[in-house]
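Participant: next come a sequence and a model predicted from it.
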Amino acid sequence: MNTPATSSTATTPSARRSLAEQARLDAALVELFEQRISFNQVLGLKLESVRHGDLKARLAMRPELVGHHAYGRLHGGVISATLDVMGGLALMVAIGERHAHESTPQVMHRFMKMATIDLRVDYLRPGLGASFTASAEVTRLGSRLGSTLMRMFSDSGELIATGAAAYVVA
């Protein structure tokens, strides 16, 4: 009598990390985003939420970020860069969720090879305001590539730009 073979590649539910370990991972992501990636410091990006499905960062307008001196609009490169880093962060959070059984150092190590391979930005309205909020969501996370959608809003709630990007994740 033949019995079905047990596959070593069968998927079993992963153990979730503890609340304390999740807090360590969240803190490590905030430190990476706000402290260790110096370009994010140049932009002045501050994370407001790092939860899966609710990822937001704020950017305060400063004279160094103005793209058009006569109108005081946010530079398009700042908008593009902000959307790009938000897409990358969304993938980091999703990778953390996918590998919820791993420790913070193990998950953080997974980000070493991440890189943007394609970025499209649609500028919808002038970047006018005292501050801006950016959000991002993952549309696909494969074993080697990930895709995201990003949005940027003025402080009055107007959608000023959207983006779509693809990243190498492994």
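Facilitator: That came through fine.
Participant: what's the following helix or strand after the helix or strand encompassing K46?
Facilitator: Secondary structure from DSSP states H and E places K46 in strand 45-51. Later in the chain than strand 45-51, the nearest helix or strand by DSSP H and E is strand 54-60.
Participant: downstream of the lowest-mean-pLDDT helix or strand in the chain, the next helix or strand is which one?
Facilitator: Ranked by mean pLDDT, DSSP states H and E, the weakest helix or strand in the chain is strand 66-68, scoring a mean of 91. Note on strand 66-68: by DSSP H and E, the next helix or strand toward the C-terminus is strand 73-74.
Participant: what sits up against that following strand?
Facilitator: Strand 73-74 has contacts (CB atoms under 8 Å, 6 or more residues apart in numbering) with 61, 65-67, 126-129, 132, 160. Yep, even glycine has a C-beta here, placed from its N, CA and C like the rest.
Participant: which of those lies closest to S18?
Facilitator: When the contacts of strand 73-74 are ranked by distance to S18 (CB to CB), F132 comes first, at 34.9 Å.
Participant: how about that closest one: what's its closest non-neighbour residue?
Facilitator: Spatial nearest neighbour of F132, excluding adjacent residues (CB to CB, 6 or more residues apart in numbering): L59 at 4.7 Å.
Participant: pLDDT score assigned to that neighbour?
Facilitator: Per-residue pLDDT puts L59 at 96.
Participant: my read: L43 touches R62, true?
Facilitator: No - checked against CB atoms under 8 Å, the pair L43 and R62 is beyond contact range at 9.5 Å.
Participant: okay, these two: which has more neighbours?
Facilitator: L43 (20 against 11; other CB atoms under 10 Å).
Participant: over to the more buried one: give its phi and psi.
Facilitator: phi -70, psi -30 (degrees, to the nearest 10).
Participant: separation between it and E21?
Facilitator: According to CB to CB, to the nearest Å, L43 and E21 sit 29 Å apart.
Participant: ok, now A90?
Facilitator: Taken as CB to CB, the span from A90 to E21 is 21 Å.
Participant: next: R62.
Facilitator: The value you get for R62 to E21, if CB to CB is used, is 36 Å.
Participant: now do G76
Facilitator: Using CB to CB, we find G76 at a distance of 39 Å from E21.
Participant: any buried residues in stretch 142-159, and which?
Facilitator: 146-154 (16 or more other CB atoms under 10 Å).
Participant: chain center to that stretch: distance?
Facilitator: From the chain centre to the centre of stretch 142-159 is a distance of 8 Å (CA atoms, centre = their mean, to the nearest Å).
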